[in-house]
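[1] can you look at this prediction? I've put the sequence above it.
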Amino acid sequence: MTQVHVIQHPLLQHHLSILREKTTPPWLFRQQVRRAATILAGMATSDLPTQPVPVHTPLATMTGARLACRIALIPILRAGLGLVDPLQDMIPEAQVWHLGMYRDEQTARPVEYYCKLPHDQPADVAFVLDPMLATGGSIAMAVEALQQWGCPDIRILSLIASQPGIDFLCRQFANLNLFVAAIDPELNEQKFIVPGLGDAGDRIFNTQR
Ligand code: PRP
């Protein structure tokens, strides 16, 4: 069953509120995305499998643990790039595969313009990175690509999701895990999340028009 985890961590909610504020400048917005993504990642990785390994400390030998799965980070361009560094800092062994998509302004449907996922050796766990989940169309397209790749454990990391987008993904997919900082109630006519935080890609890259 698809599960939606709304992370109520006080630090995450603190950083999210600064992200939502329209006066937050791009340099601070980028920092806040990193901070929020780090907390989301901590929660989304809490049940990853590990295997025991011997560790030799300066004083003794003990049994420690190392990750026992192949992990892929899947940022959706552009805005998903803002979440890559904090995830890579914590999981330096992870592969990073970029998916390029933009939303057609007329139809609000995603248009794929870059995908170089390999055809074999799928990761055991894939984290799809996109700060905004509006209609859910972009995430759905990414999930289909990862399913084709053969990835058995697909986890979505988003800062803000809309309720309609969550409902759509739950109808569409049986076994996703979604980790979000907030679920906002609605989409406006342009399919922007309300109250949301505006266009995350524009705010990260300072391309507001
Ligand atoms: C935004 C956002 C998501 C997508 C969400 O990207 O970053 O990728 O829209 O919408 P959906 O859930 O309705 O598919 P945008 O198209 O603005 O591209 P950008 O990241 O390049 O700015």
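    Alright, I've got the coordinates.

[2] next, count neighbours for residue 81.
    Residue crowding around residue 81 was assessed by other Cβ atoms under 10 Å; the count is 20. Yep, even glycine has a C-beta here, placed from its N, CA and C like the rest.

[3] ok, the closest residue to it other than its chain neighbours - contacts?
    Setting aside the residues directly before and after it, residue 81 is nearest to residue 75 in space (Cβ to Cβ, 6 or more residues apart in numbering), at 5.4 Å. When contacts are counted by Cβ atoms under 8 Å, 6 or more residues apart in numbering, residue 75 touches 81, 83, 84, 96, 98, 99, 129, 130.

[4] on the three-state scheme, residue 75 is what?
    For residue 75, the reduced secondary structure class is strand; criterion used: DSSP: H, G, I helix; E, B strand; the rest coil.

[5] if we can go back for a sec, need the contacts of residue 75 in JSON lines (columns: secondary structure and distance to the ligand).
    Conversion of the contacts of residue 75 to JSON lines gives the following (DSSP: H, G, I helix; E, B strand; the rest coil; distance: Cβ to the nearest ligand atom, whole Å):
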{"residue": "81", "secondary structure": "helix", "distance to the ligand": "8"}
{"residue": "83", "secondary structure": "helix", "distance to the ligand": "11"}
{"residue": "84", "secondary structure": "helix", "distance to the ligand": "13"}
{"residue": "96", "secondary structure": "strand", "distance to the ligand": "16"}
{"residue": "98", "secondary structure": "coil", "distance to the ligand": "12"}
{"residue": "99", "secondary structure": "strand", "distance to the ligand": "9"}
{"residue": "129", "secondary structure": "strand", "distance to the ligand": "10"}
{"residue": "130", "secondary structure": "coil", "distance to the ligand": "5"}
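
[6] which of those sit farthest apart?
    96 and 130 (14.0 Å; Cβ to Cβ).

[7] pLDDT weak spots in this structure?
    In the predicted model of the chain, residues 209 satisfy pLDDT under 70.

[8] what does the longest helix along it rub up against?
    In the chain, with assignment by DSSP state H, the single longest helix is helix 26-44. In this structure, residues lying in contact with helix 26-44 by Cβ under 8 Å, 6+ apart are 5, 7, 9, 11-12, 15-16, 18-19, 24, 82-83, 85-87, 89-91, 127, 129, 131, 155, 157, 159, 177, 179-181, 200, 203-206.
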